[in-house]
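1. 3D, please:
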Amino acid sequence: MKVKAINSFEEYTQYTEKHKKNFFFRGQINAEWNIEPSILRKTENIKSLSEEQKAISECVYNSSNENSYLSIPKPLATLFYIQHYGGGTRICDLTTRPFVALFFATEENEEHNNKDGAVYIIDGKNTISGDSDEIKLFAKVLDGTCDISTLQSDVNNFVNVENILTQNYIINPKDMFFNNMRSIYQGGTGIVFGFGYENGNLKLTGDTDVIDLIRTKIIIPKQLKTEIRAKLKENGYTKERLYDFPKTPVYDDVSFQEEEFSDRRMGNFYWVEGCYCISTNSFDKNKLKTKINNLCKNLSNKYGNNVRINAFFYCDETDKNHANYICKVNWKEKHGNKTIWNDNYRLKRNIYMNEEWPKHECISDANIAVNDMYELYNKIKINATKLSNKIENFIECVKSMRQKIIEADHKIANIGSSNDTATNNLVEKANAFASEVKSLVDDIINQLNFNKSDGAFWCLIKNDFKRCENSYSDFISVILFL
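-> As a prediction, the model looks like this:
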């Protein structure tokens with residue numbers, strides 16, 4: 001294990017930058033402490049395996065609603081819930097975000113303000129899935145099954161149950177984001193420490209040595225704690241953000257605001273498009289449905305019953321830049337309001353909100369992905385010239401490219417964020433360009449359903465080409481200065 005002392009907030013930021021994405025971080029307010037599960041540090045709570053099982057069975061945690069995408073078994077989910085709200089468990093918290101770890105290493109605490117803090121950089125290559133066989137076995141024990149022979153009979157004979165249950169594991173953070181609100185805001189997962197085993201019986205804890213997982217121990221000098229806390233506050237890392245919110249979801253009254261809107265006459269009807277920003281990420285789905293229906297009815301009253309409505313709903317600019325919609329609406333007179341809900345919305349949102357990428361990787365991936373998208377876009381331009389007198393052939397040609405456009409868009413949308421403003425701006429420009437190309441393709445293909453004239457069609461497409469070119473130029477102007 002390497003030990004490094006930092007001399008400033010800036011040095012910490014620079015040093016941890018290269019460890020993002022492939023490593024986890026853990027902050028401790030006292031550098032003298034070992035990494036060990038809170039069940040050993042809070043011995044007044046749990047003293048035996050049976051007491052741990054009882055605590056889990058009595059916990060009122062409900063993994064439905066906000067946590068419906070949770071991959072880990074409920075006993076483990078409950079354990080993480082207890083951990084994040086102050087109880088003693090067999091878990092040590094980890095985070096994907098260096099600043100979150102730094103917050104915990106420098107947190108205001110009268111007893112430890114005069115002690116050096118520490119941030120541990122933990123190797124992230126050996127995580128396991130939340131629905132892995134190992135975690136399922138852990139869940140069975142926590143649910144009350146302690147007999148080794150019973151557990152062994154549930155698995156392949158080639159699997160040594162004792163060996164599995166006495167190991168320590170890190171759960172993939174993508175399986176953890178919906179465990180509870182604190183886990184979401186802190187970008188967290190954790191080391192799940194194994195059980196002890198003696199004379200044929202499982203015990204509360206076993207080997208807690210995790211030194212092999214630690215890449216570096218960063219010492220945070222005590223004299224820097226106050227200055228670092230101020231820097232973290234400037235970056236939005238405060239107690240209010242990381243701690244102070246309800247344990248269970250509280251649904252806010254939902255509303256939305258029009259961010260973008262366009263309408264155009266298409267033969268005997270109007271084509272209406274809009275982007276709407278929802279007032280809260282904690283919304284009741286049924287209430288949102290009602291308000292979307294009312295919006296469609298109002299637009300129908302304004303533009304006529306045969307209006308075509310295409311609308312997207314997001315929570316904020318971050319969602320929009322990652323093309324991560326809450327739902328999209330297609331409305332036609334004969335079919336009414338067809339709302340398509342994005343089942344992976346919350347999962348994807350919390351990945352890009354919590355998973356920070358190294359700056360160089362964001363820039364490299366954005367450059368490659370945008371070049372791929374531009375190559376497809378350029379083919380559309382070339383075919384527009386070649387097939388200018390054969391509109392239907394041109395439309396079919398673009399239709400055949402649509403899947404590749406979608407795949408290129410997904411690559412751009414899945415680029416992570418950095419803590420560098422200029423780099424995030426580049427990623428946003430990349431997403432904006434992808435959005436313009438998708439809009440171009442949709443406009444071209446939608447002409448199959450409309451009573452079109454050649455002049456109107458090419459006027460529309462010409463404007464779309466111009467927006468794509470401007471958007472691509474914006475991307476290039478940003479990348480030249482990085």
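
2. could you pull out the strands for the stretch 351-482 of the chain?
-> For the stretch 351-482 of the chain, no strands turn up when DSSP state E, counting those that start in this stretch is the criterion.

3. where does it dip in pLDDT?
-> Scanning the stretch 351-482 of the chain for pLDDT under 70 picks out 351-355, 448-453.

4. one more time with 80
-> Where the stretch 351-482 of the chain drops to pLDDT under 80, the residues are 351-356, 416-417, 419, 446-456.

5. equivalent analysis for the stretch 101-250 of the chain, please.
-> For the stretch 101-250 of the chain, the stretches with pLDDT under 80 are 154-159, 173-188, 235-236, 240-250.

6. helices along that one, start to end?
-> For the stretch 101-250 of the chain, applying DSSP state H, counting those that start in this stretch gives helices covering 133-142, 148-153, 161-165, 181-186, 225-234, 239-242.

7. counting neighbours, what do you get for D207?
-> D207 has 11 neighbours, counted by other CB atoms under 10 Å. Heads up, the C-betas are built off the backbone N, CA and C, glycines and all.

8. how close does it get to K115?
-> 27 Å (CB to CB, to the nearest Å).

9. what does Q83 give?
-> Q83 sits 23 Å away from K115, going by CB to CB.

10. neighbour count winner among the two?
-> Between Q83 and K115, Q83 has the larger neighbour count (other CB under 10 Å), namely 25 against 17.

11. now the farthest one out in this structure, which residue is it?
-> N389 (45.9 Å; CA atoms, centre = their mean).

12. who are the contact partners of T339?
-> By CB atoms under 8 Å, 6 or more residues apart in numbering, the contact list for T339 reads K289, I292, C327, K328, V329.

13. thought the third one was touching F283?
-> No - here C327 does not reach F283: they are 10.7 Å apart, not a contact under CB atoms under 8 Å.

14. thought T145 was touching L151?
-> Yes - T145 lies in contact with L151 (CB under 8 Å); the separation is 6.2 Å.

15. of the contacts of T339, just the buried ones, PyMOL syntax please.
-> Selecting only the buried entries of the contacts of T339 in PyMOL, with 16 or more other CB atoms under 10 Å as the criterion:
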select buried, resi 292+327+328+329
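
16. just the contacts of T339: which are in strands?
-> Members of the contacts of T339 lying in strands (criterion: DSSP state E): C327, K328, V329.

17. and for the residue nearest to the first one when sequence neighbours are not counted, the neighbour number?
-> If you skip the residues right next to it in sequence, C327 has W341 as its closest partner in space, 4.8 Å away by CB to CB, 6 or more residues apart in numbering. Burial of W341, expressed as a neighbour count using other CB under 10 Å, amounts to 14.

18. residue contacts, W341?
-> Applying CB under 8 Å, 6+ apart to W341 gives the contacts K285, I326, C327.

19. and the residue farthest from the centre of the chain, how far from L460?
-> Distance from N389 to L460, by CB to CB: 17 Å.

20. and A408, by the same measure?
-> 22 Å.

21. who's more crowded, the two?
-> When A408 and L460 are compared for neighbours, A408 comes out ahead with 23 against 19, by other CB under 10 Å.

22. which SSE is I39 in?
-> Using DSSP states H and E, the element containing I39 is helix 38-41.

23. buried stuff in that helix?
-> Using 16+ other CB under 10 Å as the test for burial, helix 38-41 gives S38, I39.

24. now it, how far from the centre of its chain.
-> Once both centres are worked out by CA atoms, centre = their mean, to the nearest Å, helix 38-41 turns out to sit 29 Å from its chain's centre.

25. which pair in the contacts of T339 spans the largest distance?
-> K289 and K328 (13.2 Å; CB to CB).

26. mind listing what the closest residue in space to G416 that isn't next to it in sequence touches?
-> Using CB to CB, 6+ apart and skipping the chain neighbours, the partner closest in space to G416 is W357 (3.5 Å). When contacts are counted by CB under 8 Å, 6+ apart, W357 touches K20, K21, D365, I415, G416, S417, S418.

27. for A311, same thing?
-> Taking CB under 8 Å, 6+ apart, we find A311 in contact with V272, E273, G274, C275, Y276, I292, L295, C296, K328, V329, W331.

28. ok, the residues you listed vs T318, which is closest?
-> C275 (13.6 Å).

29. list phi and psi for the closest one.
-> The phi/psi pair for C275 (degrees, to the nearest 10) reads phi -120, psi 130.

30. contact partners for it?
-> For C275, the contact set (CB under 8 Å, 6+ apart) comprises E258, E259, E260, F261, A311, F312, F313, Y314, K320.

31. right, and K47 touches G88 too?
-> No - using CB under 8 Å, K47 is not in contact with G88, being 9.6 Å away.

32. these two: which has the busier surroundings?
-> Counted by other CB under 10 Å, K47 and G88 do not tie: G88 has more neighbours, with 21 against 12.

33. against A55, how distant is that one?
-> From G88 over to A55 (counting by CB to CB), the distance is 9 Å.

34. give me the number of residues near E10?
-> Going by other CB under 10 Å, the residues that sit close to E10 add up to 10.

35. that older thread, any idea which helix or strand comes after the helix holding I39?
-> Next along from helix 38-41, by DSSP H and E: helix 49-58.

36. who touches that next one?
-> 39, 45-46, 75, 78-79, 82, 87, 89-90, 141-144, 146, 195, 202-204.

37. cutoff 6 Å now
-> Helix 49-58 is touched from outside by I46, P75, T78, L142, G144, L204, with contacts defined as CB atoms under 6 Å, 6 or more residues apart in numbering.

38. write the PyMOL selection for whichever of those residues are buried.
-> The PyMOL selection below is limited to those of the contacts of helix 49-58 classed as buried (16+ other CB under 10 Å):
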select buried, resi 46+75+78+142+204
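
39. now render the contacts of helix 49-58 as JSON lines, adding distance to N301.
-> Shown next, in JSON lines, are the contacts of helix 49-58 (distance: CB to CB, whole Å):
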{"residue": "I46", "distance to N301": "62"}
{"residue": "P75", "distance to N301": "52"}
{"residue": "T78", "distance to N301": "49"}
{"residue": "L142", "distance to N301": "56"}
{"residue": "G144", "distance to N301": "59"}
{"residue": "L204", "distance to N301": "66"}
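
40. rewinding a little: now, of the contacts of C275, which are buried?
-> Among these, those classed as buried by 16+ other CB under 10 Å are A311, F312, F313, Y314, K320.

41. in strands only, show me the contacts of C275.
-> Using DSSP E, the contacts of C275 in strands are E258, E259, E260, F261, A311, F312, F313, Y314.

42. reformat those as JSON lines; add distance to V437 and pLDDT.
-> As requested, those are exported to JSON lines (distance: CB to CB, whole Å; pLDDT from 0 to 100):
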{"residue": "E258", "distance to V437": "24", "pLDDT": "92"}
{"residue": "E259", "distance to V437": "20", "pLDDT": "89"}
{"residue": "E260", "distance to V437": "17", "pLDDT": "90"}
{"residue": "F261", "distance to V437": "21", "pLDDT": "93"}
{"residue": "A311", "distance to V437": "20", "pLDDT": "92"}
{"residue": "F312", "distance to V437": "16", "pLDDT": "92"}
{"residue": "F313", "distance to V437": "22", "pLDDT": "93"}
{"residue": "Y314", "distance to V437": "19", "pLDDT": "90"}
